[in-house]
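Asker: sequence plus predicted model, see below.
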Amino acid sequence: MRDCAGRVSASGKDDPSVNYVLHDRCGLLIDHPHVCILQVGDQVVYSKYAGTELELGGEEHVLLKEEDVVGIKNGASYKDLKPLGDRVLIKVGKAEEATSGGVLLTDSAREKPLTGEVIAVGPGKKGEENTSTISPGTTVMYQKYAGTEFKDQDGSEYIVVQGSDVMATLM
């Protein structure tokens, strides 16, 4: 396994965790036949806590390890995100607006939902066969503090979690 790292532009004005690959040390960031190879110019998505910020030639950049990259964004919407590794892209379900007794909840009192619809599934961990039974269209429950959250332009909320953070498939 090669230790790969890449440098991405930090010019994401709307979302600082979405940027373009400018350079990679290995010629490719992911060395696996079943995983999409990142190319210079790809728009990548990563956790807001990932990477090391640096300045080169008067421009800001972020140095990332391959496991920091959550996925490749192919369009303007997060629903077009292609998760990498064993990650799962989930459209977060709606929060309950009232209690079972009928009391209406304010936005701040609503609990964050832990369920949602699977939009896309990554190809599996590097060097391992993907044995996941999770597929797009499935409704799942995931762990409370798992994943990287994103809010789309239309207000839809998405989260990318590791496959191991999916606790159950709901019927």
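Answerer: Sure, I can see it.
Asker: mind listing the strands for the chain?
Answerer: All strands of the chain, identified by DSSP state E, fall at 5-9, 18-24, 43-46, 52-56, 59-65, 69-73, 81-83, 87-92, 115-121, 139-142, 148-151, 157-162, 166-170.
Asker: any weak-confidence spans in this structure?
Answerer: Scanning the chain with the threshold set as pLDDT under 70 gives 1-37, 109, 127, 129-131.
Asker: on that earlier part again, out of the strands of the chain, nearest to Val103?
Answerer: Val103 lies closest to strand 115-121 among the strands of the chain, at 21.3 Å (CB to CB). Heads up, the C-betas are built off the backbone N, CA and C, glycines and all.
Asker: so how far is stretch 155-168 from its chain's centroid?
Answerer: In this view, stretch 155-168 has its centroid 8 Å away from the chain centroid, taken as CA atoms, centre = their mean, to the nearest Å.
Asker: is it true that Ser77 touches Gly155?
Answerer: No: the criterion here is CB atoms under 8 Å, and Ser77 misses it with Gly155 at 11.5 Å.
Asker: which one's more surrounded, those two?
Answerer: Ser77 (14 against 6; other CB atoms under 10 Å).
Asker: look up how far Glu60 lies from the closest residue to the more buried one other than its chain neighbours.
Answerer: Nearest residue to Ser77, sequence neighbours excluded (CB to CB, 6 or more residues apart in numbering): Asp152, at 5.5 Å. As for Asp152, its distance to Glu60 is 25 Å (criterion: CB to CB, to the nearest Å).
Asker: with Val140 instead?
Answerer: 36 Å.
Asker: okay, stretch 59-76 in PDB with CA atoms only?
Answerer: The C-alpha atoms that make up stretch 59-76 are tabulated as PDB, following Å, rounded to 0.1, in the frame of the first residue of the first chain:
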ATOM      1  CA  GLU A  59      -2.700  30.800  -2.500                       C
ATOM      2  CA  GLU A  60      -4.300  28.800   0.300                       C
ATOM      3  CA  HIS A  61      -4.400  25.000   0.000                       C
ATOM      4  CA  VAL A  62      -5.300  21.900   2.100                       C
ATOM      5  CA  LEU A  63      -3.000  18.900   2.300                       C
ATOM      6  CA  LEU A  64      -5.200  15.700   2.600                       C
ATOM      7  CA  LYS A  65      -4.600  12.000   3.100                       C
ATOM      8  CA  GLU A  66      -6.700   9.700   1.000                       C
ATOM      9  CA  GLU A  67      -8.800   8.600   4.000                       C
ATOM     10  CA  ASP A  68      -9.700  12.300   4.500                       C
ATOM     11  CA  VAL A  69     -11.600  12.400   1.200                       C
ATOM     12  CA  VAL A  70     -15.300  11.500   1.700                       C
ATOM     13  CA  GLY A  71     -16.200  11.400  -2.000                       C
ATOM     14  CA  ILE A  72     -16.200  13.000  -5.400                       C
ATOM     15  CA  LYS A  73     -18.800  15.600  -6.100                       C
ATOM     16  CA  ASN A  74     -19.900  15.300  -9.800                       C
ATOM     17  CA  GLY A  75     -22.500  18.100  -9.900                       C
ATOM     18  CA  ALA A  76     -23.900  21.100  -8.000                       C
END
